[in-house]
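[1] what would the 3D arrangement of this be:
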Amino acid sequence: MKSNGNREFEGKVALVTGGTKGIGKSIAMMLAEGGANVVVNYLRSRNSAEETVEQLHQFGGEHHAVRCNIGNHEKMHKVYDEIREKYGRLDILISNAALGLFTSAMELNEKAWHLSMDTNALAFLKGVQLARDMMPDGSKIVALSSLGSVRHIPGYAAIGASKAAIETLTRYLAFELAPRRINVNTVSGGFIDTDALKGFPSYQGMLEEVVRRTPYDRVGTPEEVAEVVVFLCSDRSRWVTGQIIVVDGGYSLA
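    Coordinates of the predicted model:
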């Protein structure tokens with residue numbers, strides 16, 4: 001990752017849920033490069049978390065990893081409690097962690113529904129509620145969504161519904177937090193080259209179709225999504241709130 005020498009987040013504290021791989025890790029790295037103290041939340045791999053924190057330290061700052069299943073709302077407060085104890089504030093909240101089972105709408109059961117809704121949509125809402133008292137006026141909140149929120153993707157019914165809920169919450173939260181000049185936006189990525197994409201049941205066929213339909217003739221990279229997220233975390237985005245920014249290389253135009 002190339003440094004641009006811009007330390008626009010110097011002294012700020014950022015939380016990236018699901019921040020040890022893929023898009024989340026790219027966001028964490030860019031925020032740290034910009035001077036932020038970054039907390040990455042993770043669920044499974046302590047080794048990946050420790051490796052990520054070590055990489056963040058190359059940019060200076062004070063970085064930290066917190067293990068927590070944010071789909072368990074009775075325990076997710078521990079992430080925010082640790083931030084409050086360690087830093088005393090939170091300037092940037094990135095709701096990136098996501099989980100779900102691949103299923104069609106007609107086969108969708110309560111387990112799959114609640115897994116996606118609890119980990120994706122409700123965790124976003126609860127995270128904002130837990131963070132708001134330690135977020136200064138002018139803070140930034142960005143969630144991650146996907147094109148499955150507005151169009152059919154085979155086997156994506158539960159996850160797509162949760163992403164649609166995130167996008168609706170974005171508008172409500174942006175309005176309610178506007179008096180404090182807290183910007184709330186969501187970035188909706190197209191088909192991005194991550195391990196999560198490789199988990200799709202029909203990955204290879206879908207990949208070929210996406211490349212065929214995308215004007216740029218390729219899928220996107222985590223860094224290309226992260227760059228938009230980081231812009232929304234900056235003061236340059238102060239007049240942008242309640243928006244769903246699509247980052248898909250033009251795929252959704254066709």
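[2] quick one: the spatially most central residue of the chain from E10, how far?
    Central residue check for the chain by CA atoms, centre = their mean: the C-alpha nearest the mean position is that of N96, 2.3 Å away. For N96, the distance to E10 under the criterion CB to CB, to the nearest Å works out to 22 Å. C-betas here are computed from N, CA, C, even on glycine.
[3] what does V142 give?
    Relative to E10, and taking CB to CB, V142 is found at 19 Å.
[4] which of those two has more residues huddled nearby?
    A count of neighbours by other CB atoms under 10 Å puts V142 above the other of V142 and E10, at 25 against 12.
[5] what bridges to the more buried one?
    Partner residues in beta bridges with V142, using DSSP bridges, are I94, N185.
[6] check contacts around the residue nearest to the centre of the chain.
    The contact partners of N96, taken as CB atoms under 8 Å, 6 or more residues apart in numbering, are V16, T17, G18, G19, I23, G24, I27, A143, L144.
[7] state the mean pLDDT of the host helix or strand of G24.
    G24 is located in helix 22-33, with elements delineated by DSSP states H and E. Looking at helix 22-33 alone, the average pLDDT works out to 97.
[8] and the helix or strand following it with helix 22-33, angle?
    Next in sequence after helix 22-33, counting helices and strands by DSSP H and E, comes strand 37-42. The directions of strand 37-42 and helix 22-33 differ by 160 degrees, with axes from the mean of the first three to the mean of the last three CA atoms, to 10 degrees as the criterion.
[9] list the contacts for L115?
    Applying CB under 8 Å, 6+ apart to L115 gives the contacts G71, L99, G100, L101, A158.
[10] 7 Å instead?
    Residues near L115 by CB atoms under 7 Å, 6 or more residues apart in numbering: G71, L99, G100, L101.
[11] and the last one, what is it in contact with?
    Taking CB under 7 Å, 6+ apart as the definition of contact, the neighbours of L101 are A112, L115, A158.
[12] in helices only, show me these.
    Cross-referencing the contacts of L101 against helices under DSSP state H gives A112, L115, A158.
[13] now do the second one against A32, distance only.
    Read it as L115. As it turns out, when the distance is counted by CB to CB, L115 lies 31 Å from A32.
[14] now the phi/psi pair for H73, please.
    As for H73, its main-chain torsions (degrees, to the nearest 10) stand at phi -70, psi -10.
[15] now for it, how many residues are close by?
    Counted with other CB under 10 Å, the burial measure for H73 works out to 16 neighbours.
[16] got a list of contacts for stretch 81-90?
    Taking CB under 7 Å, 6+ apart as the criterion, the residues outside stretch 81-90 that touch it are V13, L15, N37, V39, H64, V66, A131, M134, M135, P136.
[17] relative to its centroid, which residue of the chain is most remote?
    Among the C-alpha atoms of the chain, the one most distant from their mean position (CA atoms, centre = their mean) is that of M106, at 28.1 Å.
[18] did I read that right, it in a strand?
    No. Membership of M106 in a strand is not supported by DSSP: H, G, I helix; E, B strand; the rest coil, which gives helix.
[19] please enumerate the strands of the stretch 51-200 of the chain.
    Here the stretch 51-200 of the chain has its strands, by DSSP state E, counting those that start in this stretch, at 64-67, 92-95, 140-146, 183-189.
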